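J.: model this:
(chains A and B)
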Amino acid sequence: MSQAETAGPTAAAVRPLALLGSELATLFRRWRTITMLSALAAVPVLIGIAVRVAGAGSGRGPAFIGAITDNGLFVAFTAIAVSIPVFLPMTLAVVAGDTIAGEASLGTLRYLLVAPSGRLRILLVKYAACAAFAIAATLTVALFGCLIGAILFHIGPVTLLSGSQVGFWGFSGRILLLALYETVSLLGLAAIGLFASTLTSVPVGAMAATIVLAAVAQVVDALPQLDWIHPWLFSHYWLGIADVLRSPVEWGSFLSNLWLQLGYLAVFGALAYGRFTTKDIAS
Amino acid sequence: MNKVLRWLPAMVAPVVIAAAVTIPAMANADPTLPSKTPAQLIALIGGSQHAAYSGTVQESSDLGLPDLGSLQSATGISLGGSSLSSWASFLTASHTARVFVDGPEKQRLQLLGSWAETDLIHNGTSLWEYDSQAGSAAHLQLSSDASSAAHPDALPGGTALTPAQAAAKLIAAITPSTTLTVSTSDRVAGRAVYSLTLTPKTSATLVDHTTLAVDAFTGLPLSAAVYARGQSAPAFTTAFTSISYGAPAASVFDFTPPAGTTVSQLTPMELLSGLGGSAPPKGLGAFAPKPKITGSDWATIVELPAGTGSALLGASTGTRSAAPDVSSLAGSLLTPVAGGEGLQTALVSVLVTADGRLFAGAVPLAALEAAAK
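T.: The predicted structure follows:
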């Protein structure tokens, strides 16, 4: 830290952003990241093509799938609802599990620590990169949903669950709110992944642990015998996105979700800090 | 040691979160309110007719019935073109609804489902029902008299009496059969409330007691619960989980059916026959014979004459094969008892005798069997 202090206030103020910039550039230039975002983009495309070819069916299937033939913009809603239980947590777990353990396995963590950036700053930058990936992932699903819906189907004013209709700007606001809701939903899981990543130098282990936790949380959430624990599971509000599509917007679940995720961030962020700052870095 | 210090946030974070969760709950305990008599409290409720507020209501019931959801959709009870099953399921499952109220002329109820919503919008002389899943809406034009009567909070005859007079009348009517007590040490949705407890004096009923929580400052009823004899959890409860006073935006009460919606126009008579059910062939006519009332107050037993029970439930006579969807509902609920088939829930019992008479009341099944003899 003494070196950072001698480097002057300007350098210290610029460096965190520079570190974040290089981290984001590394993350989004990776083939793995691009592949995962492409896979997420394929979800709405597949839904759109399947409904176009086979029809919406008789009311069974994921949320809003029956509404797609009337209004293509519902592809975006359906795609987000389909992605949130598996695809979004899985891709995020890969990114979060790789944060520290990936550097450790490549032997680059040592060099990162030689630079006078401090371990806390590295953790913060790594977590911010995870959050950035969560934003990119949810926006990818939403935007490709709108695009494929507009290409394959008729689009028009969107009817909300309460029976009122919104035009283009109202719809854009809702879809951004939906993406924000899902980004917030993934913040807790990202913190868990970050902590898991500080525990090991095998990134696959941290990723697998995070994915398994996401699956277990959702299984527990589905068991009525354990309903006392449901409000405390990080996955509890994942499917609450329908509340964004009511008029007026039901903010209750959005705020409950936000507080819950911040709680997970505080607990697992603190655990990651404790582990990472006391760890002997050998590789 | 320095290493221990670095684990400090990890130890502190759960403690802080636990404190943040528990301290507000403790700080809200036990409001201190001036004591009120039951009559004063009922007068306070009567004064809340013109309240404007919005809030969230949670409803749940534990009547000991099986889940009727699938059966109800099979019976095809419908209101105009839209399904009533979302309303009827109030009997068995728990529900969340948002309520917007601006005086007696403007109300909106939104029943929140998963990926779905059922709305009731009352604005002046117009009443809309909208079902997002069915994509259907029903419209009812109310006469100006009916619109005030449709308001759930409107007390009958309340226009002629002051709230205090109406309260005194009500108290005089119910005290012979019921003990009224008021307690002040409770909160509902963060608001200090008076709790009015009504305990039946007779032991012949299944109802142990019912409670009504009333906002101490606005007089608005914030929760109601019915407790069955021998149960610690309420058999039926509905309560605000959050409420904020003040007029909701006027646009909330505007409703235009969105494009692509099936709209049906209803008259009040059609509405009633729709509620009666389309599956029983006689519909509203089934209720036409005058019911016979035995017992009094809490232990009242309603008897419907021969033919009603079989027409309504398709149970005892040979109509099972003719109306399989209805009989599946009845058959899953009714169990054979002495003198017919009966259903006992935590609060209400129903008995269909072998000759087709139907008995119902908030009394044990044995009392219905005795009345049927």
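
J.: give me the number of residues near A:Thr33?
T.: A:Thr33: 19 surrounding residues under other C-beta atoms under 10 Å in any protein chain shown. Heads up, the C-betas are built off the backbone N, CA and C, glycines and all.

J.: which stretches of chain B form helices?
T.: B:2-6, B:8-27, B:38-46, B:69-75, B:85-88, B:144-149, B:163-174, B:268-276, B:308-313, B:324-333, B:365-372 (DSSP state H).

J.: which of those has the lowest average pLDDT?
T.: Looking at the helices of chain B, the lowest mean pLDDT belongs to helix B:69-75 (a mean of 43).

J.: What residues does chain A have near chain B?
T.: Listed as neighbours of chain B in chain A under the rule C-beta under 8 Å from any C-beta of the partner chain: A:63-64, A:70, A:81, A:156-157, A:159, A:161-165, A:239, A:242-243, A:246, A:248, A:250, A:252, A:263, A:266-267, A:269-271, A:273-274, A:277-278.

J.: can we see that at 6 Å?
T.: Residues of chain A lying near chain B by C-beta under 6 Å from any C-beta of the partner chain: A:63, A:70, A:159, A:161-163, A:165, A:242, A:263, A:266-267, A:270-271, A:273-274, A:277-278.

J.: Okay, strands next: where are they in the stretch 101-250 of chain A?
T.: A:158-159, A:165-166 (DSSP state E, counting those that start in this stretch).

J.: Comparing those, which stretch has the densest surroundings?
T.: strand A:158-159 (a mean of 23; mean count of other C-beta atoms under 10 Å in any protein chain shown).

J.: Residue numbers of chain B in contact with chain A?
T.: B:3, B:6-7, B:9-10, B:13-14, B:17, B:115, B:117, B:119, B:130, B:132, B:258, B:260.

J.: Nearest to A:Ser256 among those residues?
T.: Using C-beta to C-beta, B:Ile17 is the member of those that sits closest to A:Ser256, with 14.1 Å.

J.: Please work out how many residues are found near the closest one.
T.: There are 16 residues near B:Ile17, going by other C-beta under 10 Å.

J.: I figured it hits A:Gly263, correct?
T.: Yes: counting by C-beta atoms under 6 Å, B:Ile17 touches A:Gly263, with 5.2 Å between them.

J.: Now the common contact residues for those two.
T.: Common neighbours of B:Ile17 and A:Gly263, counting by C-beta atoms under 6 Å, 6 or more residues apart in numbering or on different chains, are absent.

J.: so where's the stretch 51-200 of chain A uncertain?
T.: For the stretch 51-200 of chain A, the stretches with pLDDT under 70 are A:56-61, A:63, A:116-117.

J.: Which parts of the stretch 201-350 of chain B are strands?
T.: According to DSSP E, counting those that start in this stretch, the strands that the stretch 201-350 of chain B contains are B:207-215, B:221-228, B:236-245, B:262-266, B:292-294, B:301-304, B:335-337, B:340-344, B:349-353.

J.: which one of the ones you listed is the most hemmed in?
T.: strand B:349-353 comes out most buried of these by mean count of other C-beta under 10 Å, with a mean of 25.

J.: May I have it exported as PDB, CA atoms only?
T.: Coordinates of each C-alpha in strand B:349-353 appear next as PDB, following Å, rounded to 0.1, in the frame of the first residue of the first chain:
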ATOM      1  CA  SER B 349     -71.300 -28.300   7.700                       C
ATOM      2  CA  VAL B 350     -73.500 -29.400   4.800                       C
ATOM      3  CA  LEU B 351     -75.800 -32.400   4.800                       C
ATOM      4  CA  VAL B 352     -77.700 -33.800   1.800                       C
ATOM      5  CA  THR B 353     -80.300 -36.200   3.000                       C
END
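
J.: can you give me how far that strand is from the chain middle?
T.: 22 Å (C-alpha atoms, centre = their mean, to the nearest Å).

J.: what helices or strands is it leaning on?
T.: Secondary-structure packing of strand B:349-353 (3 or more C-beta pairs under 6 Å, 6 or more residues apart in numbering or on different chains; DSSP states H and E): strand B:340-344, strand B:358-361, helix B:365-372.
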